[in-house]
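Novice: Build me a structure from this.
(one chain, ligands or ions: 1)
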Amino acid sequence: MFHPATSGRMPGLLLCTALALSACAEAPNATPALDTPTLAPASTVNAAPGNSATTEQLPAEPSISFEAWRDAFRPKALAVGVQAELFDRAFAGVSPDLSVVKADRSQPEFTRPVWEYLDGAISATRVRRGQALLAQHSGTLTAIEQRYGVDRNVLVAIWGMESSFGQFTGDKSVIRSLATLAYEGRRPQFAEDQLLAALLILQHGDIAPAGMLGSWAGAMGQTQFIPTTFNSHAVDFDGDGRRDIWNSSTDALASAAHYLQASGWKLGEPWGYQVALPSGFDYALADSDVRKTVTEWTEQGVKVPAVAVRADEQAYLLLPAGHRGPAYLVFGNFRAILKYNNSSAYALAVGLLSQRFDNSVQLPQNWPRDDLPLSRSERIELQEQLAARGYEPGAADSIIGANTRKAIRGFQQSIGLPADGYPTQHLLQRLRAQ
Ligand code: CA
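Specialist: Numbers count the residues shown, from 1 in each chain. Below you'll find the predicted structure:
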């Protein structure tokens, strides 16, 4: 997973992050794009914790051979304490993995609507499997809750989202994948840092080189931790002396709990809940930067369910599909999940799945299913159209970030539409018609 500073997990199968559908249908991690950079297909890779880059620039072809790169990297590894013998053993026979390069450079044209992502993430099969595992691991989960203060249902939900409860953890050599990305990836420094961390994990003896498998982006094991997150947060909870998130579900669940604890999780507090907005609501308030207490939201006319929340808890309004879809007030625990994977769709899926295990929530029905997401090229056109009209959406990179949302709101207000900052086909048509 990840590193708290950037968000813990990693781009595992992240390719799919964006909603990109087809390709990711099977990937446990496929994160939709709901959000911002996260949502944008382009940022696919970003969804994983640990990944925060937003650039889409493709790297130039390497100017040196892989072997020359490796030989230049070796002293850096030795300088952080990696033994020469271990380095040479870990790199024996390692060559660039072209499938990793291809995945890293992939810029999916189509993305999956958030409701389809949630349909897959919260399938009846996954709910039943999670319920069975909650019962099976009850004793372990009680011990983990007591030690780390993280609710069992959310841990099992993350386990389901990351690796389908350990069934899909990635089958690529982490050393080979990260070496490939350090040599010719889009973010070579990030990959190099992860590679150094991976070598230190091997040296620590948590896993043998042959067993260190993960996603193309280096997300490892049942929690899909990236190596730096592993080193900062993985724990040996079953007491065998190794932090084994690949083969020990106990270690994996406790490691995820340790990470969420460090991310500010509060035991027994809600992650968020669905709310109703009054007619005439100012949708510009639905922004992760606008935080208010439940009392303050209520004063804005927001109708909240009868769920106890700390009086000082700061919440923001999340509209995963714009003003035509469901609205959620989300709290600190939601932001803790985002530290694991910085995608609102992902965090929403984890929250809802955790509640489906005990049937304590209904899934929203009011999705605008007739509203197809913009493709990558349509998002770029949207940004270009907004810029041409003076709205300053930032670079035309297809990523719907804060600047683009602000520009969309400006245009929506100018033509009398609800200013939810949410890009739609209808909005693009209005821009084209101007
Ligand atoms: Ca262990």
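
Novice: make it CA atoms for all contacts and neighbour counts henceforth
Specialist: OK.

Novice: Tell me the spacing between Tyr391 and Ala210.
Specialist: Counting by C-alpha to C-alpha, to the nearest Å, the gap from Tyr391 to Ala210 is 52 Å.

Novice: Please say which of these two ends up with more neighbours.
Specialist: Tyr391 (19 against 11; other C-alpha atoms under 10 Å).

Novice: leaving aside the residues next to it on the chain, what's closest to that one?
Specialist: Ala407 (4.9 Å; C-alpha to C-alpha, 6 or more residues apart in numbering).

Novice: Does that neighbour touch Glu392 like I think?
Specialist: Yes: counting by C-alpha atoms under 8 Å, Glu392 is a contact partner of Ala407 at 6.0 Å.

Novice: Name the residues contacting each of these two.
Specialist: Common neighbours of Ala407 and Glu392, using C-alpha atoms under 8 Å, 6 or more residues apart in numbering, are Leu386.

Novice: quick one on the thing from earlier: the residue nearest to Tyr391 is in what secondary structure piece?
Specialist: helix 402-414 (DSSP states H and E).

Novice: list the buried ones in that helix?
Specialist: By 16 or more other C-alpha atoms under 10 Å, the buried positions in helix 402-414 come out as Ala402, Asn403, Thr404, Arg405, Lys406, Ala407, Ile408, Arg409, Gly410, Phe411, Gln412.

Novice: for the residues you listed, which one is nearest the ion?
Specialist: Ala402 (41.7 Å; C-alpha to the ion).

Novice: And the residue of the stretch 1-150 of the chain closest to the ion?
Specialist: For the stretch 1-150 of the chain, C-alpha to the ion, closest residue to the ion: Thr140, 13.0 Å.

Novice: and Pro326, how many neighbours?
Specialist: Pro326: 20 neighbours (other C-alpha under 10 Å).

Novice: could you say what helices and strands the helix holding Ala407 packs with?
Specialist: Judged by 3 or more C-alpha pairs under 8 Å, 6 or more residues apart in numbering; DSSP states H and E, helix 402-414 is in contact with helix 376-388.

Novice: Can I get the helix it packs on in PDB, CA atoms only?
Specialist: Extracted in PDB, the C-alpha atoms of helix 376-388 (Å, rounded to 0.1, in the frame of the first residue of the first chain):
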ATOM      1  CA  ARG A 376     -10.600  11.100 -22.400                       C
ATOM      2  CA  SER A 377     -10.700  13.100 -25.600                       C
ATOM      3  CA  GLU A 378     -14.000  14.600 -24.700                       C
ATOM      4  CA  ARG A 379     -12.600  15.800 -21.300                       C
ATOM      5  CA  ILE A 380      -9.700  17.400 -23.100                       C
ATOM      6  CA  GLU A 381     -12.200  19.100 -25.500                       C
ATOM      7  CA  LEU A 382     -14.200  20.300 -22.500                       C
ATOM      8  CA  GLN A 383     -11.100  21.800 -21.000                       C
ATOM      9  CA  GLU A 384     -10.200  23.400 -24.300                       C
ATOM     10  CA  GLN A 385     -13.700  24.800 -24.700                       C
ATOM     11  CA  LEU A 386     -13.700  26.200 -21.200                       C
ATOM     12  CA  ALA A 387     -10.300  27.800 -21.700                       C
ATOM     13  CA  ALA A 388     -11.400  29.400 -25.000                       C
END
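
Novice: ok and it relative to helix 402-414, angle-wise?
Specialist: Angle, helix 376-388 to helix 402-414, by axes from the mean of the first three to the mean of the last three C-alpha atoms, to 10 degrees: 70 degrees.

Novice: So which bits of helix 376-388 are buried?
Specialist: Per 16+ other C-alpha under 10 Å, helix 376-388 contains these buried residues: Arg376, Glu378, Arg379, Ile380, Glu381, Leu382, Gln383, Glu384, Gln385, Leu386, Ala387.

Novice: Specify which member of the residues you listed is nearest to Gln83.
Specialist: Arg376 (45.1 Å; C-alpha to C-alpha).

Novice: I figured that closest one was touching Gln383, is that so?
Specialist: No: Arg376 is not in contact with Gln383 according to C-alpha under 8 Å; the separation is 10.8 Å.

Novice: Overlap in contacts, those two.
Specialist: With C-alpha under 8 Å, 6+ apart, Arg376 and Gln383 have common neighbours Ser398.

Novice: Provide the secondary structure category for Leu317.
Specialist: strand (DSSP: H, G, I helix; E, B strand; the rest coil).

Novice: neighbours around it, how many?
Specialist: By the criterion of other C-alpha under 10 Å, Leu317 has 26 neighbours.

Novice: Tell me the residues of the stretch 151-300 of the chain that contact the ion?
Specialist: Contacts of the stretch 151-300 of the chain with the ion, taken as C-alpha under 5 Å from the ion, map to Asp236, Asp238, Asp240, Arg242, Arg243.

Novice: tell me which residues in stretch 171-181 are buried?
Specialist: For stretch 171-181, a neighbour-count test (16+ other C-alpha under 10 Å) marks Lys172, Ser173, Val174, Ile175, Arg176, Ser177, Leu178, Ala179, Thr180, Leu181 as buried.

Novice: And the helix holding Ala407, how far out from the chain middle?
Specialist: Once both centres are worked out by C-alpha atoms, centre = their mean, to the nearest Å, helix 402-414 turns out to sit 25 Å from its chain's centre.

Novice: Stretch 80-92 too?
Specialist: Put simply, stretch 80-92 sits 31 Å off its chain's centre (C-alpha atoms, centre = their mean).

Novice: just stretch 324-338 next, same as before
Specialist: Going by C-alpha atoms, centre = their mean, where stretch 324-338 is centred and where its chain is centred differ by 14 Å.

Novice: Can I get the helix holding Ala407 in CSV, CA atoms only?
Specialist: Provided in CSV are the C-alpha atoms of helix 402-414 (Å, rounded to 0.1, in the frame of the first residue of the first chain):
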residue,chain,number,x,y,z
ALA,A,402,-10.0,21.5,-8.7
ASN,A,403,-9.2,24.0,-11.5
THR,A,404,-11.4,22.3,-14.0
ARG,A,405,-14.3,21.9,-11.6
LYS,A,406,-14.1,25.5,-10.7
ALA,A,407,-14.1,26.4,-14.4
ILE,A,408,-17.1,24.1,-15.0
ARG,A,409,-18.9,25.8,-12.1
GLY,A,410,-18.2,29.2,-13.6
PHE,A,411,-19.7,28.2,-17.0
GLN,A,412,-22.7,26.4,-15.3
GLN,A,413,-23.5,29.6,-13.3
SER,A,414,-23.3,31.7,-16.5
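
Novice: helices or strands up against the next helix or strand after it?
Specialist: Counting by DSSP H and E, the next helix or strand C-terminal to helix 402-414 is helix 425-433. Helices and strands touching helix 425-433, by 3+ C-alpha pairs under 8 Å, 6+ apart, are helix 376-388.
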